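Student: structure of the sequence below:
(one chain, ligands or ions: 1)
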Amino acid sequence: MLEKLLETVKEFDTICIYRHVNPDGDANGSQFGLKTYLENQFPEKTFYALGKENVKTFFPQCYHGDIDFSKALAIVCDTANRERIDGEGVFDCAKIIKIDHHPIVDNFGDINIVNEKACATCEVLGTLLMENNEKLTQECATYLYCGLLTDSQKFGIRSVTPNTFKLAGYLASFGVDIPLVNERMFASDLNSFRYETYLRAHVEFIHDSIAYVIADCKDYEQFGLTFEKAKEKVFIMNSVEEFQMYCLFTQQSDGTYSGSLRSKNAKINDIAANYHGGGHNLACGVRGLTRVSIQSLLNDLYQRLKEAE
Ligand SMILES: [Mn+2]
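Tutor: Numbering: from 1, shown residues only. I've put the predicted structure just below:
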């Protein structure tokens with residue numbers, strides 16, 4: 001598969017590398033890991049990382065100038081469906097490669113390199129490089145390790161396998177500064193801390209088994225947070241023994257709510273799909289909700305829990 005990827009890159013002078021909107025460590029990690037790797041392989045070619053704002057300040061900035069897409073190759077990382085691609089021009093490009101680990105809902109690539117069992121897109125990409133015994137730069141290995149660490153929730157979720165650890169060892173062998181990556185990727189600040197405390201005080205419950213918070217714009221704006229930052233806070237409810245599911249609904253400037261849904265055991269991404277969303281079996285998102293549709297979604301989640309009992 002790596003050979004096919006490289007053969008395709010060889011056909012083009014310009015390569016545009018995309019990832020999903022509101023990028024996380026895996027989206028940016030796979031995007032810049034791939035960009036750095038390919039730049040080393042093909043110093044004569046031009047590579048652009050595209051999309052809006054990146055995660056914190058760890059990653060370089062994306063490109064915002066003009067590109068002749070018609071002669072370019074698009075590579076889209078960590079993005080399950082075309083609606084979630086960040087940046088313009090993907091479908092104006094001559095060819096598209098998709099590299100991903102989400103459940104397959106939209107094979108929008110001409111070439112689709114997808115492993116639904118991998119815990120991160122950085123695992124899909126990193127494994128291709130590892131199996132080919134590629135020598136990586138520290139920069140490339142660091143970006144890939146970022147995605148592996150964050151999407152695997154510090155190697156703590158069900159999709160982590162012996163391969164994940166093998167890959168972590170392979171990446172670490174190129175000099176990744178493990179504590180530095182950990183610190184950068186999980187660093188918080190006082191405003192976030194205050195907002196997290198506020199959220200915890202506003203958690204609501206359904207029979208103690210589902211925990212949720214509905215946050216309006218004014219709730220996070222008073223702490224100086226943006227929507228993008230506020231919507232990441234679903235983790236404040238994790239690791240509570242009684243919670244079988246937990247959800248954070250965050251209001252956007254248009255008045256609708258986006259939600260992050262988490263489940264311990266029962267599959268929920270099919271429910272999310274009924275609310276303009278999707279994602280992994282146990283971790284997914286929804287969009288465009290009202291307070292009324294949030295209640296309907298919570299009811300569906302509770303029904304699922306009862307079925308699973
Ligand atoms: Mn991912």
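
Student: doesn't residue 205 lie inside a strand?
Tutor: Yes: according to DSSP: H, G, I helix; E, B strand; the rest coil, residue 205 belongs to a strand.

Student: ok, it - how many residues close by?
Tutor: 12 (other C-beta atoms under 10 Å). Backbone N, C-alpha and C define where each C-beta goes, glycine included.

Student: over to the one 10 residues further on?
Tutor: For residue 215, the number of neighbouring residues by other C-beta under 10 Å comes to 21.

Student: relative to the ion, how far out is it?
Tutor: As judged by C-beta to the ion, to the nearest Å, residue 215 and the ion stand 24 Å apart.

Student: helices of the stretch 151-300 of the chain, start to end?
Tutor: With DSSP state H, counting those that start in this stretch, the ranges of helices along the stretch 151-300 of the chain come out as 162-172, 178-186, 190-201, 217-221, 227-230, 269-273, 291-308.

Student: any chance of these in CSV, with mean neighbour count too?
Tutor: Listed next are the helices of the stretch 151-300 of the chain as CSV, based on neighbours: other C-beta atoms under 10 Å:
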stretch, mean neighbour count
helix 162-172, 17
helix 178-186, 14
helix 190-201, 15
helix 217-221, 16
helix 227-230, 18
helix 269-273, 18
helix 291-308, 15
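
Student: in TSV, list the ones you listed along with distance to residue 73 and mean pLDDT.
Tutor: Below are the helices of the stretch 151-300 of the chain laid out as TSV (distance: least, C-beta to C-beta, whole Å; pLDDT from 0 to 100):
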stretch	distance to residue 73	mean pLDDT
helix 162-172	25	98
helix 178-186	29	94
helix 190-201	38	97
helix 217-221	39	98
helix 227-230	29	92
helix 269-273	30	95
helix 291-308	39	96
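
Student: now render the ones you listed as TSV, adding distance to the ion.
Tutor: Shown next, in TSV, are the helices of the stretch 151-300 of the chain (distance: least, C-beta to the ion, whole Å):
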stretch	distance to the ion
helix 162-172	13
helix 178-186	13
helix 190-201	22
helix 217-221	24
helix 227-230	16
helix 269-273	14
helix 291-308	23
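
Student: pull the contacting residues for the nearest residue to residue 301 once chain neighbours are set aside.
Tutor: Nearest residue to residue 301, sequence neighbours excluded (C-beta to C-beta, 6 or more residues apart in numbering): residue 245, at 5.5 Å. Residues counted as contacts of residue 245 (C-beta atoms under 8 Å, 6 or more residues apart in numbering) are 209, 210, 211, 261, 262, 263, 264, 266, 268, 301, 305.

Student: and for residue 39, the neighbour number?
Tutor: Neighbours around residue 39, by other C-beta under 10 Å: 16.

Student: doesn't residue 47 make contact with it?
Tutor: Yes: taking C-beta atoms under 8 Å as the definition, residue 39 is a contact partner of residue 47 at 5.5 Å.

Student: just to revisit the earlier point, if I look at the residue nearest to residue 301, how far off is residue 207?
Tutor: Distance, residue 245 to residue 207, using C-beta to C-beta, to the nearest Å: 11 Å.

Student: quickly list what the residue nearest to residue 301 is bridged to.
Tutor: residue 210, residue 263 (DSSP bridges).

Student: shaky segments in this protein?
Tutor: 55-57 (pLDDT under 70).

Student: and the strands in it?
Tutor: Under the criterion DSSP state E, the chain contains strands at 14-18, 46-49, 72-77, 95-100, 111-114, 204-206, 210-215, 245-251, 257-263, 278-279, 283-289.

Student: residues of this structure that sit close to the ion?
Tutor: 26, 78, 121, 151 (C-beta under 5 Å from the ion).

Student: and which of the residues you listed is nearest residue 3?
Tutor: Lowest distance from residue 3 to those (C-beta to C-beta) belongs to residue 121, with 19.1 Å.

Student: list the contacts for that closest one?
Tutor: 26, 27, 29, 30, 77, 78, 99, 100, 101, 147, 151.

Student: residue 70 and the ion, how far apart?
Tutor: Residue 70 is 29 Å from the ion, by C-beta to the ion.

Student: from residue 93, how far out is that residue?
Tutor: Taken as C-beta to C-beta, the span from residue 70 to residue 93 is 8 Å.

Student: the two: who's more crowded?
Tutor: residue 93 (24 against 10).

Student: from what I can see that one touches residue 74, true?
Tutor: Yes: using C-beta under 8 Å, residue 93 is in contact with residue 74, at 3.8 Å.

Student: between these two, what contacts are shared?
Tutor: Joint contacts of residue 93 and residue 74 (C-beta under 8 Å, 6+ apart) are residue 16.

Student: quick one: contacts for whichever residue of the chain sits closest to the ion?
Tutor: The nearest approach of the chain to the ion comes at residue 26, 3.4 Å away (C-beta to the ion). Counting by C-beta under 8 Å, 6+ apart, residue 26 touches 78, 120, 121, 122, 146, 147, 148, 150, 151.

Student: nice, that's everything, thank you.
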